[in-house]
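Undergrad: with the input below, show me the fold.
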Amino acid sequence: MSAGIYVHVPFCLKRCGYCDFNAYAGMDHLAPRYVRAVLAEAALASPAWADELFVSVFLGGGTPTTLDPADLKGLLAHLRHRFHVADDAEVTIEANPDTVDRPKLEALLAAGFDRLSMGAQSFDPSVLASLERIHEPASVRRAFLDARVAGYRNVSLDLIYGAEGETVESWERTLSETVDLGPEHVSAYALTVEPSTPLGRKVAAGVVPSPDPDLQADMFTLACDRLAAAGYVHYEISNWARPGFECRHNLGYWERRPYVGLGAGAHAYRDDRRWWNVRPPEEYMMLVESGVLPVGGEEHLEPSDAYLEEIFLRLRIFEGIPASWVEAERAAPFLESGLLLNNDGALVPTERGMLLLNELVLALAG
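TA: Residues are numbered from 1 along each chain as shown. Down below sits the predicted model:
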């Protein structure tokens, strides 16, 4: 079975108020040591994965493009040395528009990072300010055009909708600007409020309103319509792609394929076992430097949990589940209401059904 490699880079220019990822600002001085630690962890972890073929590598964060291109090139070469990475593997790197320019993008492409995932979030300055993003819309346009000139032919733009002050009209302009640029892939995520984040604390204190779910539903529907009209295939609840440009790495998560995670806080999965590294970068580096795999915790999925996860993920990527898995009377109301379709014996959610995915899963699996 094909597998993936995820490498977490926790450094950011600035930590955004909504972000719940394992990311830190003002720690760039640790970057050289951190890269060495990831190389050492790869050496420790790789023997257990000797029989796997890796078809994707994904550097996420944080902002991996805060690292020096030479370090990133060396890191990718080391991964190819330690793991059986397919020659035609998809290799993605996430980028903040303000951390890349044409020379850097040329260097990354030459190093083997052939897929660029750029955090645009919005083309509305007020929405970017609400999200506490440091870049301006012009930065996204400039970085995207630099990527094209550098030779990138597989670029994803990541968007977020439902932030404070965003309207349907503003979101429509963001979608229009995205389509006009013409990326091969678009991710559009509804803003979620995590209690442990600065945004979560502001919402809890009543300083900032919680996102309006009805408004977000309207924005999701608009994204479905606008991107479909532009020729993008809706292949996962929050992801659209030109045919053939679906993100191979993320499909691995949704198809429950194995993946190894390297770096502070990175997660891994294989054979219904999920485990994760310690989150603090200093602790992570100290453990690896002492020759210890930096595992911070693990869980083993019980058969019932694995079954529920299988249903959730199959529905999430519009693959559907066999109708034989579900009692007919359970599925009937959702088929009649247009939330589900019976596609040659498979129960598949409609885009409207995706808005109620959790309810669908619980009802069908119950």
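
Undergrad: pLDDT below threshold where in the protein?
TA: Along the chain, segments meeting pLDDT under 70 span 1.

Undergrad: which strand runs longest in it?
TA: strand 85-95 (DSSP state E).

Undergrad: who's in contact with whatever helix or strand comes next after it?
TA: Next in sequence after strand 85-95, counting helices and strands by DSSP states H and E, comes helix 102-111. Contacts to helix 102-111, defined as C-beta atoms under 8 Å, 6 or more residues apart in numbering, come from residues 65, 69-70, 72-73, 76, 93, 100, 116, 143, 146-147, 149-152. The C-beta positions use only the backbone N, C-alpha and C, and glycine is treated the same way.

Undergrad: can you say which of those residues are buried?
TA: Burial by neighbour count, 16 or more other C-beta atoms under 10 Å: within the contacts of helix 102-111 this picks out 65, 69, 72-73, 76, 93, 100, 116, 143, 146-147, 150, 152.

Undergrad: gap between residue 74 and residue 38?
TA: Distance from residue 74 to residue 38, counting by C-beta to C-beta, to the nearest Å: 10 Å.

Undergrad: over to residue 4?
TA: Taking C-beta to C-beta, one finds residue 4 at 16 Å from residue 38.

Undergrad: with residue 9 instead?
TA: Separation of residue 9 from residue 38 (C-beta to C-beta) stands at 8 Å.

Undergrad: tell me where the stretch 101-250 of the chain has helices.
TA: Remark: helices assigned in the stretch 101-250 of the chain by DSSP state H, counting those that start in this stretch are 102-111, 125-130, 137-150, 168-181, 198-204, 213-229, 248-254.

Undergrad: most tightly packed of these?
TA: Ranked by mean neighbour count, the helices of the stretch 101-250 of the chain are led by helix 248-254 with a mean of 20 (mean count of other C-beta atoms under 10 Å).

Undergrad: that one packs against which elements?
TA: strand 2-9, strand 53-61, strand 85-95, strand 233-236, helix 303-316 (3 or more C-beta pairs under 8 Å, 6 or more residues apart in numbering; DSSP states H and E).

Undergrad: about what we covered before: residue 74 and residue 38: which has the busier surroundings?
TA: Neighbours per residue, other C-beta atoms under 10 Å: of residue 74 and residue 38, the larger number sits with residue 38, 24 against 15.

Undergrad: got phi/psi on the more buried one?
TA: According to degrees, to the nearest 10, the main-chain angles of residue 38 amount to phi -60, psi -40.

Undergrad: over to the one 5 residues further on?
TA: With angles defined as degrees, to the nearest 10, residue 43 shows backbone torsions of phi -70, psi -40.

Undergrad: now do the domain split for the protein, please.
TA: Per automatic domain parsing, the structural domains of the chain span 2-254, 303-365.

Undergrad: which one of these lies closest to residue 278?
TA: With C-beta to C-beta as the criterion, residue 278 lies closest to domain 2-254 of those, at 9.8 Å.

Undergrad: same list as before, the domains of the chain that is, but in CSV and with distance to residue 291 included.
TA: Shown next, in CSV, are those (distance: least, C-beta to C-beta, whole Å):
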stretch, distance to residue 291
domain 2-254, 7
domain 303-365, 33
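
Undergrad: select, out of these, the one closest to residue 285.
TA: Per C-beta to C-beta, nearest to residue 285 of the domains of the chain: domain 2-254, 4.4 Å.
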